[in-house]
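[1] attaching a predicted model along with its sequence, questions to come.
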Amino acid sequence: MILLQLLKSFLIIGVGAYGGGLVTIPMIEHQAVTVHEWITASELSELIAVAQMTPGPIGVNAATYTGYRVAGIAGATAATLGFVIPSLVLCLTLVYILSKFGGVSWVESLKKSVQPAVAGLIIAAVLTYGRAAVTDVWAAVIAVAAFAIFILSRDRIHPALLILCGGVVGVFIY
C-alpha cells in the first residue's frame, strides 16, 4: 500500500513539475510533509540542500530520498518512477506536438503563458525553502550575501562555489 501511495504522490508531483526542480519543492512539501508526514519540514530543507549538491535533478533526488526513507529500495524505486513517468510522457507528447504544430499561434501562446506560472512556483519554492533554511540572523546574512554575489557576478561565479563558501563560513560562525 505504501508503495502505491509513494507512486501516486510522486506522479502528482511529476505532473506539476513543469519548469524544473525548484518548482517541485512546494509540491513535495505538500505531499511528503503535509499530507503524508513522511518527512518533516526540517528534513525537507536538508534534503533540498543535499539534492542541489548531488548530480541529477532536485525532484528526482528528493523522490528517491523520500521513497527510500519511507520504504527502502522499493520505495525509492516507486517514488522515482512516479516522478519521472509524467516527464517522459510529457516530453514525448511535446516533441510530437511541436514537430507538427510548432509555428501555430496557440502553441506559441501556450508556451509564453506557462512561463509566468512557473516563475510563481519558483518564488513559492524560494519562500518554502527559505523559511526552513534561514533560521537566524547569520543564516540570513549568508543567504543575502550569496544572492548578492551571484547576481553581481553575472554568472561568473559557479553556484557550487557559493554553496561551498557558505558552508565554510557556517563552520566558523556556528
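    Great, that's in hand. Numbering: from 1, shown residues only.

[2] how about P55, secondary structure?
    With DSSP: H, G, I helix; E, B strand; the rest coil as the basis, P55 sits in coil.

[3] next, count neighbours for it.
    Counted by other Cβ atoms under 10 Å, the residues lying close to P55 total 6. From N, CA and C alone the C-beta is placed, and that goes for glycine too.

[4] check contacts around V126.
    L22 (Cβ atoms under 8 Å, 6 or more residues apart in numbering).

[5] now do the buried residues in the helix or strand it falls within.
    V126 belongs to helix 105-133 when assigned by DSSP states H and E. Within helix 105-133, the residues that count as buried by 16 or more other Cβ atoms under 10 Å are 121-122, 124-126, 128-129, 132-133.

[6] what about the lengthiest helix in the chain, distance to the chain center?
    In the chain, assigned by DSSP state H, the helix with the most residues is helix 58-101. Distance, stretch centre to chain centre, for helix 58-101: 12 Å (Cα atoms, centre = their mean, to the nearest Å).

[7] same check on stretch 96-112?
    26 Å.

[8] residue numbering should commence at 50 henceforth.
    All set: I'll call the first residue 50, so the last point we hit is now stretch 145-161.

[9] follow-up on the earlier one: hey, C-alpha coordinates of the following helix or strand past the helix holding V175 in CSV?
    Downstream of helix 154-182, the next assigned helix or strand under DSSP H and E is helix 186-202. The C-alpha coordinates for helix 186-202 follow below in CSV (Å, rounded to 0.1, in the frame of the first residue of the first chain):
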residue,chain,number,x,y,z
VAL,A,186,20.4,36.4,11.5
TRP,A,187,23.7,34.7,10.4
ALA,A,188,21.8,32.4,8.1
ALA,A,189,20.1,35.5,6.6
VAL,A,190,23.4,37.2,6.2
ILE,A,191,24.8,34.1,4.3
ALA,A,192,21.8,33.9,2.1
VAL,A,193,21.7,37.6,1.2
ALA,A,194,25.5,37.6,0.6
ALA,A,195,25.3,34.5,-1.7
PHE,A,196,22.4,36.1,-3.6
ALA,A,197,24.2,39.4,-4.0
ILE,A,198,27.5,37.8,-5.1
PHE,A,199,25.7,35.6,-7.6
ILE,A,200,23.7,38.5,-9.1
LEU,A,201,26.5,41.0,-9.1
SER,A,202,29.0,38.4,-10.6
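
[10] please consider this matter closed, and thank you.
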